[in-house]
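K.L.:
turn this into a structure:
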Amino acid sequence: MATTKKQGRPKSEEKYHLILHAASCLFLKEGFANTSMDTVAKASGVSKQTVYSHFDSKDALFKAAITSKCRSYQLDTQQLVSSTAHALSLTDCLIKVGSQFMRLLQDPEAIAIFRVIIAEAVHSPHVATLFYQAGPEASLETLSNVIEKFGEGNLDRHIAQQLAVDYCALLKGEFHTMMLCGIQSPLSDIEIDAHVRRAAEKILLLFTHYSRR
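P.N.:
Take a look at the predicted model:
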C-alpha cells in the first residue's frame, strides 16, 4: 500500500501543505484520473521532485488529502483515542464523534469529493478503494477500537466493529444520499445535536445488550 514518505531529512512543512492544498483542489475540480503530479507541482509552485519528496505517488497524495479532510473534523485515530483517555463517557464520545461526522458529511468539499468518486468509480474502482481506505474504513476502524475499549473486555471485537458500522449508518440515514443529490439543505447545529443523540441512544442500547451477554 502506498504511503506518505517518512524517511530522509525533514521536509518543509509549508511546502507539504501547499502541495496537499493544491492537490485537493485539483482532485475536486479535475477528478483523480485527470490530475497528475506535474499539474500538482505547477499549482503548488514547486518542482515535481519536491512533490515526490513528500508523496511517493499520486495514490499516496490522494489518500493524504482524504485523511487531512477527516482530521480537520477531528475524525482521526489520535484525537479519538485522546477523547477516551480524558475520561469521556461512551455517550459523550459517541455524541462528539457523531456531531463532527455529520458536519463532515455536509461539508461542501466532502460532498464534492463523494461525487467525484461516484463519477469515476465505474471506470476506476481503484480510486474508490483509495477513498474508502483513507476515509470511511479508517474512521470505522478507529471508532470500533474506541467502542471495544469501552467494552472493557466484555465486548467481542466483531460486535464492536458492527456497532461502529451501525452508528455511521444511523447518522447518514437518508440525509447523506439527499445531500449528494442536492435536495437536502445542511442541518443546523440544533438539528445535528438532536439527530446525533437519537442515533447514539440506539447504539448505547445495543452496546449495553451485547456487553452483558
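
K.L.:
make it CA atoms for all contacts and neighbour counts henceforth
P.N.:
OK.

K.L.:
with adjacent residues omitted, what lies nearest to Val116?
P.N.:
Leaving aside its sequence neighbours, Val116 sits nearest to Gly31 (C-alpha to C-alpha, 6 or more residues apart in numbering; 6.0 Å).

K.L.:
quick check: the gap between that neighbour and Phe62.
P.N.:
Remark: distance between Gly31 and Phe62 (C-alpha to C-alpha, to the nearest Å) = 10 Å.

K.L.:
the more surrounded of these two?
P.N.:
Phe62 (21 against 18; other C-alpha atoms under 10 Å).

K.L.:
could you pull out the helices for this protein?
P.N.:
13-30, 37-44, 48-54, 58-72, 77-85, 90-105, 108-121, 125-132, 138-150, 157-172, 175-180, 189-211 (DSSP state H).

K.L.:
could you dump those helices to CSV with mean pLDDT?
P.N.:
Output for those, formatted as CSV (pLDDT from 0 to 100):
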stretch, mean pLDDT
helix 13-30, 94
helix 37-44, 96
helix 48-54, 95
helix 58-72, 92
helix 77-85, 58
helix 90-105, 92
helix 108-121, 92
helix 125-132, 93
helix 138-150, 89
helix 157-172, 96
helix 175-180, 94
helix 189-211, 96
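
K.L.:
give me the domain ranges for the protein.
P.N.:
13-64, 74-211 (automatic domain parsing).

K.L.:
my guess is Ser185 contacts Thr177, does it?
P.N.:
No: the pair Ser185 / Thr177 is not scored as a contact, 11.8 Å apart, by C-alpha atoms under 8 Å.

K.L.:
what's the local residue count around the nearest residue to Asn145 once chain neighbours are set aside?
P.N.:
Nearest residue to Asn145, sequence neighbours excluded (C-alpha to C-alpha, 6+ apart): Ala160, at 7.3 Å. With neighbours defined by other C-alpha under 10 Å, the count for Ala160 comes to 25.

K.L.:
quick one on the thing from earlier: look up how far Leu104 lies from the residue nearest to Val116.
P.N.:
Taking C-alpha to C-alpha, one finds Gly31 at 20 Å from Leu104.
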